[in-house]
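Undergrad: could you look at this predicted model? Sequence included:
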Amino acid sequence: MSEEVPDGWVDVSLGELLREPLRNGHSARPSLDGSGVRALTLTAVTYGEFSEKNTKMTVADPTKVADLWLEPGDLLIERSNTPELVGTARLYRGPRQWAIFPDLLIRARLLEAASPDYVEALLLSHGSRNYFMESAQGTAGSMPKIDQGVIERLRVPLPPLVEQSRIVEMVDALLAQLSAARQRLASVLLILKRFRQSVLAAACSGKLTEDWRQRDVQDEVIAVESSLPNSWSGATLGELATLVTSGSRGWAQHYSDVGPLFIRAQDINTDALVLDEVAHVRPPRGAEGLRTRVAPGDLLVTITGANVTRTAWVDRSIGEAYVSQHVGLVRPSDRSVTPFLHAWLCSPAHGRAALIEAAYGAGKPGLNLENLRSLEVVMPPVEERTLILKRMLELLALADAIERRITVASARADVLTQSILAKAFRGELVPTEAELARAEGRNYESAEALLARIQADRSTGVHSPRPSAARGG
């Protein structure tokens, strides 16, 4: 049964708009010498970027893939991918006969009644994305798949061709504005990142309390060799801690689906303890379990991996928890200094710089426990430290509040994108061709009439040239 569509539109299946059968691609082995037939990778469609970095040279036999060369205006649909990406589609905008496409993609070529740009926008809408995700099939442990029949059955609300062009132009203009807004939001996030780093650097250098120290001229004196106030005192992290340790490799045998938390490097990659996707263990009895158990006030440091030196402060009770071999655990003897130590370890001009040098200076991307114990920390007196932490936390809280607003704004931009597309395919984004024709007292060719005429011409062997609806070819 047809969906209700505006005057002049027709509700059809995508299969009714095809000028040739859907075509699966061909996957060939990569070429070892860089020659051969160029083929797109799946990422070209996932990200809509048809460049050399999203292709590979293959040993495909040119005589067997002659019908797989892509032309501008071809639509490519991912027939298999992760659940959230299966069915992702893009309009090919690369050069003609520049690349073939792999077996995980399906190519669609449209009749002249449908603009490829219009159909691409429809395929990017929530309605189409949900349809493909719900139609995908797969066994446990495999990527879900859609077949050609699923693609052919997708419903397409089709306006007259000239109206399709107006819709695409309006969608492009509105989405460009949203893209510009997203870029501005992203630039604010970068500014916030630099602001946080500046706050940490100011806190750990004494600049954050410079006005406070001016009450006493002597306290204002700066030691030239350290660029830190001479009232501050130095100590190693080992001297400030009762315990500096890490987990051991033996923990792998204790993994469990339930039980105490098992803190891994990925749980502290943002300089905060994030327990959204936790692992669990059944801890061993005895010294090993006691040694690696986490307590409030501890500092956790990533000692191996891509984000080595990331540091989290356990600022709340998290129940029974243990650290993996990739995480160092530092337990300050005076828990009141933990917030300042966390700031010092995260400061790009102080603790982080020293840890990065230790981690990479010898060509080994990692830290050992001696690197942690020997780290130099310069501490302010208790009264000044209290003021530093107060001012620092106020500034960081301000940055957090701004970031939350940016997150909300970004989510609204995502909603607006789909709202724009939904309006487009209900005929609410631009005046319909039927409305304009009535207002101007003229006739027009409906989408149904155009489609019937094109199909009749094709059945008699008459082919009209495709209007240049696809851009970027």
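TA: Received it, and whenever you're ready, just let me know what you need.
Undergrad: and the longest strand along the chain, average pLDDT?
TA: If you go by DSSP state E, the chain has its longest strand at strand 255-263. For strand 255-263, mean pLDDT rounds to 88.
Undergrad: wait, what's in contact with Leu396?
TA: Going by CB atoms under 8 Å, 6 or more residues apart in numbering, Leu396 touches 196, 199. C-beta: built from backbone N, CA, C; applies to glycine.
Undergrad: tell me the SS of it?
TA: helix (DSSP: H, G, I helix; E, B strand; the rest coil).
Undergrad: before we move on, what about Val156?
TA: strand.
Undergrad: tally of neighbours for it?
TA: Other residues within reach of Val156 by the criterion other CB atoms under 10 Å amount to 24.
Undergrad: okay, it and Val5: tell me how far apart.
TA: 10 Å (CB to CB, to the nearest Å).
Undergrad: joint contacts of these two?
TA: Asp11.
Undergrad: still on that earlier bit, may I have the longest strand of the chain as CSV, with CA atoms only?
TA: Only the C-alpha atoms of strand 255-263 are listed here, as CSV (Å, rounded to 0.1, in the frame of the first residue of the first chain):
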residue,chain,number,x,y,z
TYR,A,255,38.5,-12.3,34.8
SER,A,256,34.8,-12.6,35.6
ASP,A,257,31.5,-11.5,34.3
VAL,A,258,30.6,-10.1,37.7
GLY,A,259,32.4,-9.2,40.9
PRO,A,260,34.9,-6.4,41.9
LEU,A,261,35.9,-3.8,39.3
PHE,A,262,39.1,-4.3,37.3
ILE,A,263,40.5,-0.9,36.3
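Undergrad: next one: it to chain centre, how far?
TA: Relative to the mean C-alpha coordinate of its chain, strand 255-263 is positioned 27 Å out (CA atoms, centre = their mean, to the nearest Å).
Undergrad: mind listing what that strand pairs with, with the direction of each?
TA: strand 279-281 (antiparallel), strand 321-323 (parallel) (DSSP bridges).
Undergrad: show me where the stretch 301-450 of the chain has helices.
TA: Here the stretch 301-450 of the chain has its helices, by DSSP state H, counting those that start in this stretch, at 338-346, 351-360, 369-373, 382-424, 433-440, 447-459.
Undergrad: buried residues, the longest strand of the chain. List them.
TA: 260-263 (16 or more other CB atoms under 10 Å).
Undergrad: what's in contact with that strand?
TA: In contact with strand 255-263 (CB under 8 Å, 6+ apart) are residues 251, 273, 275, 278-283, 294, 300, 318-324, 327.
Undergrad: out of the helices of the stretch 301-450 of the chain, which is closest to Val171?
TA: helix 382-424 (5.4 Å; CB to CB).
Undergrad: how near is the closest residue to Arg107 other than its chain neighbours to Thr55?
TA: Distance criterion CB to CB, 6 or more residues apart in numbering; nearest residue to Arg107, sequence neighbours excluded, is Arg23 at 4.6 Å. Look at Arg23 and Thr55: by CB to CB, they are 18 Å apart.
Undergrad: what's the burial count for Asn269?
TA: 15.
Undergrad: please read the previous query as pertaining to Ser374.
TA: Neighbour tally, Ser374, other CB under 10 Å: 14.
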